[in-house]
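K.L.:
how would this look folded up:
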Amino acid sequence: MTAFTRHDVETALYRDYSLEITGKDIGQIETAKSEIPAGTPINIAFLGNESHTQRIEAAARIRQWGFEPVPIISSRRLRSVQDRDELLAGLTSAAHPTRFMLVGGDPSSPAGPYRDSLDLIAGGIIADYGISKVGIAGYPEGHPKIDRVRLWEALAEKLELLKTCGCSVEITTQFGFDADAVVDWIAQVRARGIDAPIRIGVPGPADVNRLLRFAAQFGVGSSAAIVGKYGFSLANLISKVGPDRFMSRLASGMAGRDLGTVMLHLYPFGGIAETVVWAARTAGRQMAESQGALDRPLYP
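P.N.:
Sure, this is the predicted structure:
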């Protein structure tokens, strides 16, 4: 067991972040590509108002620009096995993804035969498409429609099924504002004997109103006490806030503990360019501070 210093934790977190984009916003990647490290994994969201053609085109362009496309497959949005096959065949032909993220998705009722990602995995998608790396979702602050006991059961079931399929697994968490809850959840994951790498979902810099809209959409807790710890007030919705205070609290909570491989997944709610500039500047600040230099956060 290795107990890491706070600087070790911060360095590890910024070493290999991933991003997320939608098909309609793919141009943001092209605009900011010179600031994004080569090979960065970029998740492609599965939105109900976008087509498979948009998803496939986004994956192809991400691959063309030197990054790693990670298509998110929303089980409950797939209309049929044929629908699944058209999407997966198109993605494989156009972009050769080495990793997919399999999620249940937002619809209250499934559009086709898959109730959740367990159904999708059990339905043979891994063997049918030779998938060897899979991302699954984690919920440190819970899920608005699934109780915590079932969340833990489903996580264990997915990990066991994917292990049987011969897949390596990463867990990417839903974003949240409570760093303490995230650290506690990671510790619980490790205490259950789960050693899969974890990517912590973190919002990039964005205005408060936008962050709250996404929080409401995804069922993320945003009480005054929680957002106060994050670093903004519900009384000022037009101000812009970054995750600096969240990251500082996260690093402090993880320091001195062996919590395995933990990285970041950045949700660019304020835009890709601003998010990657924040990540680069923050990583640079960690290095400078380790050498005795001083700097201020981009979004105090």
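K.L.:
what are the buried residues along the strand or helix carrying Ala89?
P.N.:
Assigning secondary structure by DSSP states H and E places Ala89 in helix 81-95. Within helix 81-95, the residues that count as buried by 16 or more other C-beta atoms under 10 Å are 83-84, 87-88, 90-92, 94-95. In this view, the C-beta of every residue, glycine as well, is placed from N, C-alpha and C.
K.L.:
who touches stretch 229-237?
P.N.:
If you take C-beta atoms under 8 Å, 6 or more residues apart in numbering as the criterion, stretch 229-237 is touched by 177-180, 207-209, 211-212, 222, 224, 227, 239, 241, 243-246, 249, 299-300.
K.L.:
quick one: which of the residues you listed sit in strands?
P.N.:
Mapping the contacts of stretch 229-237 onto strands (DSSP state E) picks out 207, 241.
K.L.:
just the buried residues of the contacts of stretch 229-237.
P.N.:
Buried members of the contacts of stretch 229-237, scored by 16+ other C-beta under 10 Å, are 177-179, 207-208, 211-212, 222, 227, 241, 243-246, 249, 299.
K.L.:
quick one: which of the residues you listed is nearest Lys145?
P.N.:
The shortest gap between Lys145 and any of those belongs to Ser222, at 17.1 Å (C-beta to C-beta).
K.L.:
just give the closest residue to that closest one, not the sequence neighbours.
P.N.:
Computed as C-beta to C-beta, 6 or more residues apart in numbering, the closest residue to Ser222 that is not its neighbour in sequence is Ala215, at 4.4 Å.
K.L.:
so that neighbour makes contact with Ile226?
P.N.:
No: using C-beta atoms under 8 Å, Ala215 is not in contact with Ile226; the gap is 9.5 Å.
K.L.:
anything in contact with each of these two?
P.N.:
Phe177.
K.L.:
ok, the residue nearest to Ser222 - contacts?
P.N.:
Applying C-beta under 8 Å, 6+ apart, the residues near Ala215 are 177, 221-222.
K.L.:
one more time with 10 Å
P.N.:
Ala215 makes contact with 175-177, 203, 221-222, 226-227, 269 under the criterion C-beta atoms under 10 Å, 6 or more residues apart in numbering.
K.L.:
from Glu20, how far out is His265?
P.N.:
7 Å (C-beta to C-beta, to the nearest Å).
K.L.:
overlap in contacts, these two.
P.N.:
What both His265 and Glu20 touch, as defined by C-beta under 10 Å, 6+ apart, is the set 41, 43, 70, 101, 172, 175, 201.
K.L.:
among those residues, name the ones in strands.
P.N.:
Using DSSP E, those in strands are 41, 43, 70, 101, 172, 201.
K.L.:
quick revisit: can I get the contacts of Ala215 in JSON lines including pLDDT and distance to Ile29?
P.N.:
JSON lines is the format used below for those (pLDDT from 0 to 100; distance: C-beta to C-beta, whole Å):
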{"residue": "Phe175", "pLDDT": "92", "distance to Ile29": "19"}
{"residue": "Gly176", "pLDDT": "91", "distance to Ile29": "25"}
{"residue": "Phe177", "pLDDT": "91", "distance to Ile29": "26"}
{"residue": "Pro203", "pLDDT": "94", "distance to Ile29": "18"}
{"residue": "Gly221", "pLDDT": "80", "distance to Ile29": "30"}
{"residue": "Ser222", "pLDDT": "76", "distance to Ile29": "28"}
{"residue": "Ile226", "pLDDT": "81", "distance to Ile29": "31"}
{"residue": "Val227", "pLDDT": "84", "distance to Ile29": "29"}
{"residue": "Phe269", "pLDDT": "94", "distance to Ile29": "15"}
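K.L.:
just the element for Arg190, please.
P.N.:
Assigned by DSSP H and E, Arg190 falls in helix 179-191.
K.L.:
mean confidence for that helix?
P.N.:
Averaged across helix 179-191, pLDDT comes to 96.
K.L.:
packing partners for it?
P.N.:
Packing contacts for helix 179-191, counted by 3 or more C-beta pairs under 10 Å, 6 or more residues apart in numbering; DSSP states H and E, involve strand 133-138, helix 148-164, strand 168-173, strand 198-203, helix 224-230, helix 244-254, strand 262-267.
K.L.:
can you do 6 Å?
P.N.:
Applying 3 or more C-beta pairs under 6 Å, 6 or more residues apart in numbering; DSSP states H and E, we find helix 179-191 packed against helix 244-254.
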